[in-house]
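Enquirer: Can you look at this prediction? I've put the sequence above it.
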Amino acid sequence: MPADGETLYEAVGGEAFFVRLVDAFYDGVADDPVLVRLYPEAPDLTGARQRLRLFLIQYWGGPTTYSDNRGHPRLRMRHAPFAVDRAAHDAWLRHMTGAVESLELPPGLEAQLLSYLQGAAEAMMNRR
C-alpha cells in the first residue's frame, strides 16, 4: 500500500510505471482476436495506449491530463458502442493481470491495482 499521504501514482514511480503497464497490456491486445476487434484504429493502437495511460495516471493520483484533454472519463458511455461481452471481459482482464504481474509490484500495491481493474472490467461489460 502507498505510504501515508502518498498516491499509488507516486508509490509505483509515476508515469514511467504506467507507460510500462499499458505497453505490456497492449502488446497482448494486439495479438488477441477477441479484443483487437474492439479497436477501430487497429492495428495502430497508439491512441488507445495514450488514452488508457493518461486515464490510469489520473485515476491513481497523477496529473489530470486525461480530463484536461477529453473531459470527464465517462467510461461506460465511451465503451457503449463496442460489444463488451464476457469473452472480451475475460480477455481484457487476462492481459491486464499479466501486465500488472509482469511489473513485480509489492504485493499490497499489486492487490490494490488488480482489485480496481477487476471491478472496472466488470463495469464495462454491456452484453451478457
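Expert: In hand now; what should we look at? Numbering: from 1, shown residues only.

Enquirer: Contact partners for residue 117?
Expert: Counting by C-beta atoms under 8 Å, 6 or more residues apart in numbering, residue 117 makes contact with 93, 96-97, 100. Quick note: C-beta positions are derived from backbone N, CA and C, even for glycine.

Enquirer: Would you mind identifying the next helix or strand past the helix or strand where residue 99 lies?
Expert: Per DSSP states H and E: residue 99 is located in helix 86-102. Toward the C-terminal end, the helix or strand that comes next after helix 86-102 (DSSP H and E) is helix 107-124.

Enquirer: Figure out how far that following helix is from the centre of its chain.
Expert: Offset of helix 107-124 from its chain centre (C-alpha atoms, centre = their mean, to the nearest Å): 10 Å.

Enquirer: Output that helix as PDB, restricted to C-alpha atoms.
Expert: Presented in PDB, the C-alpha positions along helix 107-124 are these (Å, rounded to 0.1, in the frame of the first residue of the first chain):
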ATOM      1  CA  PRO A 107       2.000  -7.300  -3.000                       C
ATOM      2  CA  GLY A 108      -0.100  -4.600  -1.400                       C
ATOM      3  CA  LEU A 109       0.200  -2.300  -4.400                       C
ATOM      4  CA  GLU A 110      -0.400  -5.100  -6.900                       C
ATOM      5  CA  ALA A 111      -3.600  -6.200  -5.000                       C
ATOM      6  CA  GLN A 112      -4.900  -2.600  -4.900                       C
ATOM      7  CA  LEU A 113      -4.300  -2.100  -8.600                       C
ATOM      8  CA  LEU A 114      -5.800  -5.500  -9.600                       C
ATOM      9  CA  SER A 115      -8.800  -5.000  -7.400                       C
ATOM     10  CA  TYR A 116      -9.700  -1.800  -9.200                       C
ATOM     11  CA  LEU A 117      -9.000  -3.300 -12.600                       C
ATOM     12  CA  GLN A 118     -11.300  -6.300 -11.900                       C
ATOM     13  CA  GLY A 119     -14.100  -4.000 -10.900                       C
ATOM     14  CA  ALA A 120     -13.500  -1.800 -13.900                       C
ATOM     15  CA  ALA A 121     -13.600  -4.800 -16.300                       C
ATOM     16  CA  GLU A 122     -16.900  -5.900 -14.800                       C
ATOM     17  CA  ALA A 123     -18.400  -2.400 -15.100                       C
ATOM     18  CA  MET A 124     -17.500  -2.100 -18.800                       C
END
